[in-house]
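**Student:** Structural data only, the sequence is not supplied:
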C-alpha cells in the first residue's frame, strides 16, 4: 500500500522541491496550496500524514490542526520559518506530532517523516496484548482506539504510543529517557526538554477527570512518571 501524504505549502518553489523528494522516496503525494484545498483532499482521501505550513493564504495551520483533530488522528508535521519555543510548544500542544523549521536539510526532513510514520504502528512492547483495560479505559492496540467509559477518545500517534507504554508498565516509574527511547526511538523528534512533559499533559487532558489532579499518570519528582491505572 502506498503511503499517502498531503503537502500543504503555499511557497511554490519549496512545494515542488518537497513533493519531488517525497515522490523519489515512493510516497504518494497530494498537494494543496491553501486550507481550502487541504479540506477538499481530506474529504475524499484517506491521508496517512499531513505536512502543514503554519502561515497560509486563507488561514493558520495551527487553527487547521485543531479542526483536523476534532474527528481524525492523522499524524501532522508542521512546517514553518519560526523556531521560537512558544510556537514549537504550541504546535505540539494542539496535537502536532513534529515541528520542522525552514530551511531544513532534506535528509533530516525525510528521517523525521519516516519516524512519524513509524509511530503509526504499535511499538511492539505490548506483550502481545491487543486489548488493554484500566479503570474505565479500554485501549485496542491493533485498531489504535481508546474508549473511556464506552465513549471513544481520539488520540494522536504520539499520545497512543505514550498510553500504550504506560498501560503495559503499570505501577512502574518511567524516566524521561526511558519514555523517549520507547516513544521517540530516533531521538531526532524530541525538540527540547519540554517535549515529553507537553505530550503527557495533552494525554492527561484527554483521559483524566481532573488533569491538574491526575489519577492515572502521576509525576514522581526527580524520577519520572508512574501509571496508576
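**Tutor:** Here it is on my side, so go on. Quantities reported herein were computed from a predicted structural model and do not represent experimental measurements.

**Student:** Per the annotation, how does this structure divide into domains?
**Tutor:** What automatic domain parsing lists as the domains of the chain is 4-118, 131-227.

**Student:** how distant is the last one from the center of its chain?
**Tutor:** When you say that, I think you mean domain 131-227. 12 Å (CA atoms, centre = their mean, to the nearest Å).

**Student:** quick one on the thing from earlier: the domains of the chain: lowest mean pLDDT?
**Tutor:** When the domains of the chain are compared on mean pLDDT, domain 131-227 scores lowest, with a mean of 86.

**Student:** Just the terminal-to-terminal distance for that one.
**Tutor:** One end of domain 131-227 to the other measures 17 Å (CA to CA, to the nearest Å).

**Student:** Check stretch 46-62 too.
**Tutor:** Using CA to CA, the end-to-end distance of stretch 46-62 comes to 21 Å.

**Student:** In this protein, mark out all the helices, start to finish.
**Tutor:** Along the chain, the segments classed as helices by DSSP state H run 12-24, 35-44, 61-69, 85-93, 106-118, 157-167, 176-183, 195-207.

**Student:** The third one packs against which elements?
**Tutor:** In terms of contacts (3 or more CB pairs under 8 Å, 6 or more residues apart in numbering; DSSP states H and E), helix 61-69 is packed against helix 35-44, strand 49-53, strand 76-80, helix 85-93. C-beta: built from backbone N, CA, C; applies to glycine.

**Student:** The third one pairs with which strands?
**Tutor:** Strand 76-80 has the following strand partners under DSSP bridges: strand 49-53 (parallel), strand 98-101 (parallel).

**Student:** if you take the average position of the chain, which residue is closest to it?
**Tutor:** Centrality entry for the chain: nearest residue to the mean C-alpha point is residue 97, 2.9 Å, by CA atoms, centre = their mean.

**Student:** Surely residue 66 and residue 95 touch.
**Tutor:** Yes - the pair residue 66 / residue 95 is scored as a contact, 7.3 Å apart, by CB atoms under 8 Å.

**Student:** Between these two, point out the one with more neighbours.
**Tutor:** Shown here are residue 66 and residue 95; by other CB atoms under 10 Å, residue 95 has more neighbours (24 against 12).

**Student:** The more buried one and residue 76 touch, don't they?
**Tutor:** Yes - between residue 95 and residue 76 there is a contact under CB under 8 Å: 6.7 Å.

**Student:** intersection of neighbour lists for those two?
**Tutor:** Both residue 95 and residue 76 are contacted by 65, 68, 156, under the criterion CB atoms under 8 Å, 6 or more residues apart in numbering.

**Student:** Closest one of the residues you listed to residue 216?
**Tutor:** Relative to residue 216, the closest of the shared contacts of residue 95 and residue 76 is residue 156; by CB to CB it sits at 17.2 Å.
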